[in-house]
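[1] Sequence and predicted structure are below.
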Amino acid sequence: MHHSIDIRHLSFSYPDENPALEDVTFRIAPGEKVALVGPNGAGKSTLLLHLNGILRGQGEIIICGHTLSEATLGPIRAAVGMVFQDPDDQLFSPTVLQDVAFGPIYMGLTESRIRERVRSALASVGMSGQESRVSHHLSNGEKKRVAIASVLAMEPEVLVLDEPTAGLDPRGRRNLMRLLRDLPQTMFVSSHDLHMVAELFPRTILLDRGRVFADGSTHALLSDPDLLEAHGLEAL
């Protein structure tokens, strides 16, 4: 069985800086939902950007059985749906329909398949019938859901989300948590929202200063106040 995500000895430095990632190794099985936590500057976003080849460090990255290289970028980017922290980085078309259809059009699907993908993706995020709405008129929570729909329309095996609940009001946050709990994809989610982590993710990886300091049961990790305090996290 291949893992959805298999990271081996990954290191990365930005020019003229200390290492942003240092010898990071972990695996995520198909269907597993794993949280990534750590203080600001820990390297979380840097790590996520390696999963579809936006950044390239030293080490080995194997996604859904493909070892990351120039030759495998296509299948890897099709397998990994990346949802950024700010939905405005992801939504750039005038309407919801055009945003969600962008990926399937790019994949060269037929018009009927594109319509089917858009309908199904919007249904799965609770935004059915919203195709004609203007993307920049949506609330923050709606924008996040459309950003997720635009990724789901490409039918990825793995969903990678960076701070999905950032900037949401309580209702938007609750709706988004319900959505993440119900989606079947393998999920790797970076978040400062430890209450969401506790509720949705059985396993958590703690990253600080570019290194993995803990990887295991979310309950055990969040029940260790000394560990949390040592890495700038608030105990629940």
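    Cool, the structure landed. Numbers count the residues shown, from 1 in each chain.
[2] Work out for me the element residue 120 sits within.
    Using DSSP states H and E, residue 120 falls within helix 111-124.
[3] Which residues outside that helix are in contact with it?
    Helix 111-124 is contacted from outside by 96-97, 100-101, 104-105, 109, 128-131, 146, 149-150, 152-155, 179, 183, using CB atoms under 8 Å, 6 or more residues apart in numbering. Glycine gets a C-beta too; all of them are placed from N, C-alpha and C.
[4] Show me where this structure has its strands.
    Along the chain, counting by DSSP state E, strands occupy 5-13, 19-28, 33-37, 58-63, 66-67, 80-83, 158-162, 186-190, 203-208, 211-217.
[5] Switch those strands over to TSV; also include distance to residue 122, mean neighbour count and mean pLDDT.
    Listed next are the strands of the chain as TSV, based on distance: least, CB to CB, whole Å; neighbours: other CB atoms under 10 Å; pLDDT from 0 to 100:
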stretch	distance to residue 122	mean neighbour count	mean pLDDT
strand 5-13	27	18	98
strand 19-28	27	18	97
strand 33-37	22	23	98
strand 58-63	26	18	97
strand 66-67	29	15	96
strand 80-83	15	22	96
strand 158-162	16	23	97
strand 186-190	19	24	98
strand 203-208	30	22	98
strand 211-217	35	16	98
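[6] about what we covered before: of the contacts of helix 111-124, which belong to helices?
    Applying DSSP state H to the contacts of helix 111-124, the entries found in helices are 96, 97, 100, 101, 104, 105, 146, 149, 150, 152, 179.
[7] Which two of the residues you listed have the greatest separation?
    105 and 179 (24.0 Å; CB to CB).
[8] More neighbours: these two, which one.
    In this view residue 105 and residue 179 are compared by other CB atoms under 10 Å, and residue 179 has more residues nearby, 18 against 14.
[9] excluding its backbone neighbours, what's nearest that one?
    Nearest residue to residue 179 in three dimensions, chain neighbours excluded: residue 125, at 5.8 Å (CB to CB, 6 or more residues apart in numbering).
[10] The one you found touches residue 146, doesn't it?
    Yes. Counting by CB atoms under 8 Å, residue 125 sits close enough to residue 146 to count as a contact (7.2 Å).
[11] Against residue 40, how distant is the residue lying closest to residue 44 once chain neighbours are set aside?
    Closest residue to residue 44 in three dimensions, ignoring its sequence neighbours and counting by CB to CB, 6+ apart: residue 190, at 4.3 Å. Distance of residue 190 to residue 40, computed by CB to CB, to the nearest Å: 11 Å.
[12] do the same with residue 141
    Per CB to CB, residue 141 is found 23 Å from residue 40.
[13] With neighbour numbers in mind, choose between the two.
    More crowded of residue 141 and residue 40, by other CB under 10 Å: residue 141, with 20 against 8.
[14] so how far is residue 85 from that one?
    Remark: distance between residue 141 and residue 85 (CB to CB) = 14 Å.
[15] again, but for residue 93
    According to CB to CB, residue 93 and residue 85 sit 20 Å apart.
[16] Between those two, which has more neighbouring residues?
    For residue 93 versus residue 85, neighbours defined as other CB under 10 Å are more numerous around residue 85 (19 against 16).
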